[in-house]
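In: Provided below are the primary sequence and the corresponding predicted coordinates.
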Amino acid sequence: MDIKEQVALLKCTDYDVELIEKTIRQGFKLLGGDAFLRDLIPKGSKVLLKPNMLSIEGKESPVITNYRVFEAVIRIIKDYSNNIIFGDSPGFGDSTKAAEKSGLMEVARKYGVKFDGFKEGIHVKLDDSILCKSWNVAKAAYEADVVITLPKLKTHAMAYFTAAVKNQFGCIPGTQKATWHTRMPNANNFCKMLLDLNTLVHTDFAILDGIIAMEGNGPKNGSSKKMNTIVMGKSVTAVDSVAARLIGYDNPLDTPVLKEAYDNKWGAVLPEEIEVLGESIENMKADDFKLCRKGGNFYFISPAVTNFLRGMIAPNPSLIVDKCISCSRCREVCPETPKVITMINKNNKLIPKWDMSRCIRCFCCQELCPVGAIDTKYSTLGKILRMDKR
Ligand code: SF4
Ligand code: SF4
């Protein structure tokens, strides 16, 4: 019989540190207990915890990994290593400020865990890559002995959803992330890059915070969705495959990250390759989760035509004028040169205007708008091909 990747799927109904710790300990027990943890964290290892700190957010924000999940993980890992650091770099704004405001820094101080804002990069090569050979990644992430990613479960305009694989994009120092969007304007190549990045920083384990997830206009401006879930495992693709099915992608291959992982034989993706321990997906699944993008549910005889049309029907950034506060951040973060967005005066209000002929649909503008004034909308062709009412 083929060996399957094991993923622990657990129910956790509240952001209570004791309860979360108990739940994650139960997850480790299912995966092999103390022996599993000793194997994961060899004696003397330097362990990096990588939460999701997408932007500067308050403690209870559903945008970021909750600080109580972070605390529960530290309480467990500190029995195996006394050299734990944590780090991330948001796409916009200062990483130290983000760590302070999120409550993560306060927890880290309590347990003697040091912070690295991923400001220092290191140039490295990845010869055995799917796509990207040359990198500048956060030195602290690259040099850690054990990397444990602590993602948040959210929708994502470009990657459909973000969980373990996508969380590691934070290992690209600060604003250099924008360069990758320009180099990888197509979602499939962008996802290949994410898989390569996970190889490069050797993500060893993932603990997904899905207690309160984000649906709709994620990854920053969607709505909270109580999912009561923690998903854990060694394989980031297996964890993401379970997460995708929990939010409504019954076929994980309908999401670009998992499709690329499958096509490139990068980790377990298909349900039959994954053994789910603990709760069942059927019992934990949300039946009304608002996805921000549907799967690629149309196919033509020629894969080239299918791919071409997929590119044409990608949704567009769309302004919610009433919400816009004229801050121009969308223009600032747009990675394209010259900028796709210009600020124009309309009815005495400064608002962004997009030149869609040059937009690469990276959705950095939508992701980083501070007030959620940018949504995504399908074109008429997109609606017809996807039979989508949005
Ligand atoms: S859309 Fe958002 S980021 Fe752009 S100017 Fe308006 S408020 Fe600022
Ligand atoms: S306008 Fe928005 S979606 Fe288009 S390239 Fe710029 S940041 Fe990306």
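Out: Looks like it came in fine. Ligands and ions are numbered 1, 2, ... in the order given.
In: Phi, psi for the residue nearest to Ser89 when sequence neighbours are not counted please.
Out: Nearest residue to Ser89 in three dimensions, chain neighbours excluded: Phe118, at 3.8 Å (CB to CB, 6 or more residues apart in numbering). For glycine as for every other residue, the C-beta is placed from the backbone atoms N, C-alpha and C. Phi and psi for Phe118, reported as degrees, to the nearest 10, are phi 60, psi 40.
In: Is it correct that Phe118 is in contact with Glu143?
Out: No - between Phe118 and Glu143 there is no contact under CB atoms under 8 Å: 11.8 Å.
In: Looking at the two, which has the bigger crowd around it?
Out: Higher neighbour count among Phe118 and Glu143: Phe118, with 24 against 13, using other CB atoms under 10 Å.
In: confidence score at that one?
Out: Per-residue pLDDT puts Phe118 at 97.
In: what do you get for Gly296?
Out: Taking Gly296 on its own, its pLDDT is 53.
In: right, and the helix or strand after the helix or strand of the chain with the lowest mean pLDDT?
Out: Across the helices and strands of the chain, mean confidence by mean pLDDT, DSSP states H and E is lowest for helix 303-312: a mean of 59. Later in the chain than helix 303-312, the nearest helix or strand by DSSP states H and E is strand 316-319.
In: Direction included, what does that next one pair up with?
Out: Partners of strand 316-319 in the sheet, by DSSP bridges, are strand 374-377 (antiparallel).
In: contacting residues around the partner strand?
Out: Contact with strand 374-377 is made by 157, 217, 221, 292-293, 315-320, 330, 352, 363, 365-366, 390, as judged by CB atoms under 8 Å, 6 or more residues apart in numbering.
In: PyMOL command to pick out the buried ones of those residues?
Out: Buried residues within these, by 16 or more other CB atoms under 10 Å, are selected in PyMOL with:
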select buried, resi 157+217+221+292+293+315+316+317+319+330+352+363+365+366
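In: Among the contacts of strand 374-377, which ones lie close to ligand 1?
Out: Counting by CB under 6 Å from any ligand atom, 319, 330, 352 from these sit close to ligand 1.
In: Now whatever residue of the stretch 151-300 of the chain ends up closest to ligand 2: phi and psi?
Out: Nearest residue of the stretch 151-300 of the chain to ligand 2: His181, at 6.5 Å (CB to the nearest ligand atom). When quoted as degrees, to the nearest 10, the phi and psi of His181 stand at phi -60, psi -40.
In: what about it, neighbour count?
Out: Counted with other CB under 10 Å, residues neighbouring His181 total 22.
In: cool, and Val340?
Out: Counted with other CB under 10 Å, the neighbours of Val340 add up to 23.
In: residues in contact with it?
Out: With the criterion set at CB under 8 Å, 6+ apart, Val340 makes contact with 334, 354-356, 358-360.
In: helices or strands up against the longest strand seen in the chain?
Out: Using DSSP state E, we find that the single longest strand of the chain is strand 203-215. Contact partners of strand 203-215 among helices and strands, from 3 or more CB pairs under 8 Å, 6 or more residues apart in numbering; DSSP states H and E: helix 17-31, helix 67-77, strand 146-150, strand 152-156, helix 164-167, strand 223-233, helix 236-247.
In: is it possible to export these to TSV including mean pLDDT and distance to ligand 2?
Out: Shown next, in TSV, are the helices and strands packed on strand 203-215 (pLDDT from 0 to 100; distance: least, CB to the nearest ligand atom, whole Å):
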stretch	mean pLDDT	distance to ligand 2
helix 17-31	98	35
helix 67-77	98	29
strand 146-150	98	25
strand 152-156	97	13
helix 164-167	98	16
strand 223-233	98	21
helix 236-247	98	23
